[in-house]
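Peer 1: Please find the sequence and the predicted model below.
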Amino acid sequence: MSETPIDIVINGLQTQISELKEIISGLNNDQNTSCTTSTAQMKSIKDECDSLKIENAKCNYRITHLLRALDKKDYEISLLKKDLNKTEFK
């Protein structure tokens, strides 16, 4: 029994549908892999951001204390200059 032209077209379309399903399946797998990679990268970036925020807070704390120490020394120097000026005028 020979196939009719309609049967040939139907078989060809079914073959194309199978190929398209394989392509879509491959794209979905690639997308899932990409999403997994993207999620891992986002977690890594978030972790790095968190550690940089902590480091920034530590640096700000140190700067605050260094500025306080500098202000204290500036005050002490100004007192010494006043004392020095007082002794020079006597």
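Peer 2: Looks like it came in fine.
Peer 1: For the rest of this, base every contact and every neighbour count on C-alpha atoms.
Peer 2: Will do.
Peer 1: Give the residue spans of the chain that score low on pLDDT.
Peer 2: The chain contains residues with pLDDT under 70 at 1, 34-35, 89-90.
Peer 1: Give me the most central residue, it.
Peer 2: residue 45 (3.0 Å; C-alpha atoms, centre = their mean).
Peer 1: ok, and residue 49, which helix or strand is that part of?
Peer 2: Per DSSP states H and E: residue 49 is located in helix 5-89.
Peer 1: What is the distance between that helix and the centre of its chain?
Peer 2: Computed by C-alpha atoms, centre = their mean, to the nearest Å, the chain-centroid distance of helix 5-89 equals 2 Å.
Peer 1: what packs against that helix?
Peer 2: The helices and strands touching helix 5-89, judged by 3 or more C-alpha pairs under 8 Å, 6 or more residues apart in numbering; DSSP states H and E, number zero.
Peer 1: Helix, strand, or coil at residue 2?
Peer 2: coil (DSSP: H, G, I helix; E, B strand; the rest coil).
Peer 1: Look up how far residue 8 lies from it.
Peer 2: Look at residue 2 and residue 8: by C-alpha to C-alpha, to the nearest Å, they are 10 Å apart.
Peer 1: Which residue of those two possesses the greater neighbour count?
Peer 2: Legend: neighbour count by other C-alpha atoms under 10 Å for residue 2 and residue 8, higher for residue 8 (11 against 5).
Peer 1: gap between the more buried one and residue 19?
Peer 2: 17 Å.
Peer 1: before we move on, what about residue 63?
Peer 2: Distance, residue 63 to residue 19, using C-alpha to C-alpha: 64 Å.
Peer 1: swap in residue 42?
Peer 2: Distance from residue 42 to residue 19, by C-alpha to C-alpha: 34 Å.
Peer 1: do residue 41 as well
Peer 2: From residue 41 to residue 19 the distance is 33 Å (C-alpha to C-alpha).
Peer 1: swap in residue 85?
Peer 2: For residue 85, the distance to residue 19 - C-alpha to C-alpha - is 96 Å.
Peer 1: ok, now residue 84?
Peer 2: 95 Å.
Peer 1: Kindly report the same for residue 55.
Peer 2: Residue 55 sits 53 Å away from residue 19, going by C-alpha to C-alpha.
Peer 1: Nice, that's everything, thank you.
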